[in-house]
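Undergrad: What shape does this take:
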Amino acid sequence: QVRLVESGGGLVQAGGSLRLSCAASGRTFSGYDMGWFRQAPGKEREFVTAITWSGGITRYADSVKGRFTISRDNAKNTVYLQMNSLKPEDTAVYYCAADRIITSASIPRNMDYWGKGTLVTVSS
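TA: This is a model prediction of the structure:
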């Protein structure tokens with residue numbers, strides 16, 4: 001059974017930092033992009049960032065460029081999201097996803113695998 005399990009969410013003040021983790025199990029994700037999406041209350045799920053299998057290519061939504069950093073450790077089957085300079089508008093449930101290719105144009109419902117999400121709340 002394939003599982004993606006996110007952790008690291010929580011409550012933080014504006015300007016603070018959080019590090020999210022996504023642990024994958026149940027299969028090898030060799031050749032898969034891994035990514036993060038988020039969904040704020042009343043809004044659609046949106047692309048945040050993605051990373052290729054090798055880690056050589058990373059993609060970011062304009063709203064998080066320069067503040068968020070994605071990385072992965074394939075030996076641990078884990079992808080990370082370092083979030084700095086957090087803003088109240090970053091408040092959302094953050095979901096980990098896996099698919100052959102993930103870009104800013106990816107349609108969330110088409111992702112091969114999803115985690116159940118972790119809540120990030122940024123207070124002003």
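Undergrad: Please identify the buried residues of stretch 28-38?
TA: Within stretch 28-38, the residues that count as buried by 16 or more other C-beta atoms under 10 Å are 29, 32-38. For the C-beta atoms, the positions are set from N, CA and C on the backbone; glycine is no exception.
Undergrad: what do you get for stretch 45-65?
TA: Buried, per 16+ other C-beta under 10 Å, within stretch 45-65: 45, 47-52, 58-61, 64.
Undergrad: Of those residues, which is the nearest to residue 6?
TA: residue 48 (12.3 Å; C-beta to C-beta).
Undergrad: Pretty sure the closest one sits against residue 94.
TA: Yes: under the criterion of C-beta atoms under 8 Å, residue 48 makes contact with residue 94 at 7.2 Å.
Undergrad: where's residue 55, which helix or strand?
TA: Of the helices and strands defined by DSSP states H and E, none includes residue 55.
Undergrad: what's it in contact with, if anything?
TA: 71-72, 74 (C-beta atoms under 8 Å, 6 or more residues apart in numbering).
Undergrad: out of the residues you listed, which are inside strands?
TA: Counting by DSSP state E, the contacts of residue 55 place 71-72 in strands.
Undergrad: Next one: residue 56 from residue 7, what distance?
TA: For residue 56, the distance to residue 7 (C-beta to C-beta, to the nearest Å) stands at 26 Å.
Undergrad: ok, now residue 29?
TA: 17 Å.
Undergrad: What of residue 88?
TA: Taking C-beta to C-beta, one finds residue 88 at 22 Å from residue 7.
Undergrad: Among those two, which residue is more densely surrounded?
TA: residue 7 (14 against 11; other C-beta atoms under 10 Å).
Undergrad: can you give me the strands for the chain?
TA: 3-7, 10-13, 18-25, 33-39, 46-51, 58-60, 68-73, 78-83, 92-99, 113-114, 118-123.
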